[in-house]
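J.: Below is the structure, and that's it, no one-letter string:
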């Protein structure tokens, strides 16, 4: 098969970011299926143009046999204002002509929905190329805007997105959901449940065979902490509003005030809230917390190997009644790290795998106690707990397993 995947934010492993589609593409290629990923050249985490020169509108680049087509999109440098919406729309408007220009016919076009405009572009391209259309639902739009963004359900933008959502669900040959209970929401919109397949995020075990070194500044920081006998609690990922990282800082303050000097928090990543979080850390007077900018995905195993506990927090929201599939969790588990999990969701993978301790979201005291409990149990017990997570993720969330399931879906579409 010839497979095209449209994801505005798809990333190869030489940068920070989500490599789901790159990882899947590598598996597809192993099975003899040509795969191309269409992604924006503008890095939404750093707000920088990363892949194109000034006069270029697109460019093809290959990573380990996976072709990326980089597409120029409207830049934005602030928060989630109209400029980000313009960036999303510009991707949809640009990817269609770029796809038309390629003199080949894809058998399958999979469009992923960090936003629904990519889905609309994928449906249009699939029609023009006479290809099957697979719609991958990463976020539930417009429900995310209502329950996270605070939009009125009767507002014009919500109603328009609701119409687009229903349209895409009806037009798709298959719907791939990442959240385990998202089918409950989609079926309520009149969609046949037989069209819906759950294929969550996962991790590539092969990534953990790469010996990419850490940036020297981060390496020196970790060596200094280790030589002081610190237990390092790691958060590695986006520093956004939904991540509730101020709860981590408040937990760090509580442990510091309690006189616990052996636990150190390390936050690695970028995002719109990072500067505010660093200021908040100073305001709290924290001497047990450090920040470091994001690192390439290929260097992530080296970072995880040198830390002791993984931490994940999220804001409270009814949205998570449909479950979650968080990339950084699978990375923690693959590295055999025990996890302090402070997310309220109906499906708790940390509980299922028995690989950590769960605390209520946005509760700094409970999170501090969870971290302290993991610290106090000692290195050997943490290793036992971490290995449970490692075994769980290999069985249920390795890229090879997920790619095989998605290929079966695509082959079934072609057979019909």
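T.: Nice, I can see it. Nothing here was measured: the structure is a model prediction, and the numbers come from that model.
J.: Quick one: find the helix or strand in the protein with the lowest mean pLDDT.
T.: One helix or strand of the chain scores below all others by mean pLDDT, DSSP states H and E: strand 48-49, with a mean of 82.
J.: Low-confidence ranges, the protein, go.
T.: 78-80 (pLDDT under 70).
J.: How is it divided into domains?
T.: Per automatic domain parsing, the domain ranges recorded for the chain read 2-202+398-415, 206-396.
J.: Turn those into CSV, columns for mean neighbour count.
T.: (Each C-beta comes from the backbone N, C-alpha and C, glycine too.) Output for the domains of the chain, formatted as CSV (neighbours: other CB atoms under 10 Å):
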stretch, mean neighbour count
domain 2-202+398-415, 18
domain 206-396, 19
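J.: how long is stretch 134-141 end to end?
T.: 17 Å (CA to CA, to the nearest Å).
J.: what distance separates it from the middle of the whole chain?
T.: Here the centre of stretch 134-141 is set off from its chain's centre by 13 Å, with CA atoms, centre = their mean, to the nearest Å.
J.: Ramachandran coordinates for the residue sitting furthest away from the middle of the chain?
T.: Taking CA atoms, centre = their mean, the residue of the chain most remote from its mean C-alpha position is residue 259, at 35.1 Å. Dihedral pair for residue 259: phi 80, psi 20, per degrees, to the nearest 10.
J.: same deal with the one 5 residues further on?
T.: As for residue 264, its main-chain torsions (degrees, to the nearest 10) stand at phi -130, psi 130.
J.: Do a quick rundown of the helices in the stretch 51-200 of the chain.
T.: 82-101, 116-129, 143-147, 156-171, 182-187 (DSSP state H, counting those that start in this stretch).
J.: I'd like a version of those helices in CSV, one that adds distance to residue 390 as further columns.
T.: Listed next are those as CSV, based on distance: least, CB to CB, whole Å:
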stretch, distance to residue 390
helix 82-101, 36
helix 116-129, 33
helix 143-147, 31
helix 156-171, 36
helix 182-187, 26
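J.: right, so of those helices, which gets closest to residue 219?
T.: helix 82-101 (34.0 Å; CB to CB).
J.: what does the closest one rub up against?
T.: 4, 6, 8, 38, 40, 42, 44, 57-58, 69, 71-77, 115, 117-118, 120-121, 124-125, 128-129 (CB atoms under 8 Å, 6 or more residues apart in numbering).
J.: quick one: that helix to helix 156-171, angle?
T.: 30 degrees (axes from the mean of the first three to the mean of the last three CA atoms, to 10 degrees).
J.: Show the contacting residues for residue 121.
T.: With CB under 8 Å, 6+ apart, residue 121 has these contacts: 6, 91, 92, 93, 95, 96, 111.
J.: distance of it from residue 266?
T.: Distance, residue 121 to residue 266, by CB to CB, to the nearest Å: 39 Å.
J.: again with residue 159
T.: The value you get for residue 159 to residue 266, if CB to CB is used, is 43 Å.
J.: thinking again about what came up before, the least confident helix or strand of the chain pairs with which strands, parallel or anti?
T.: strand 42-43 (antiparallel) (DSSP bridges).
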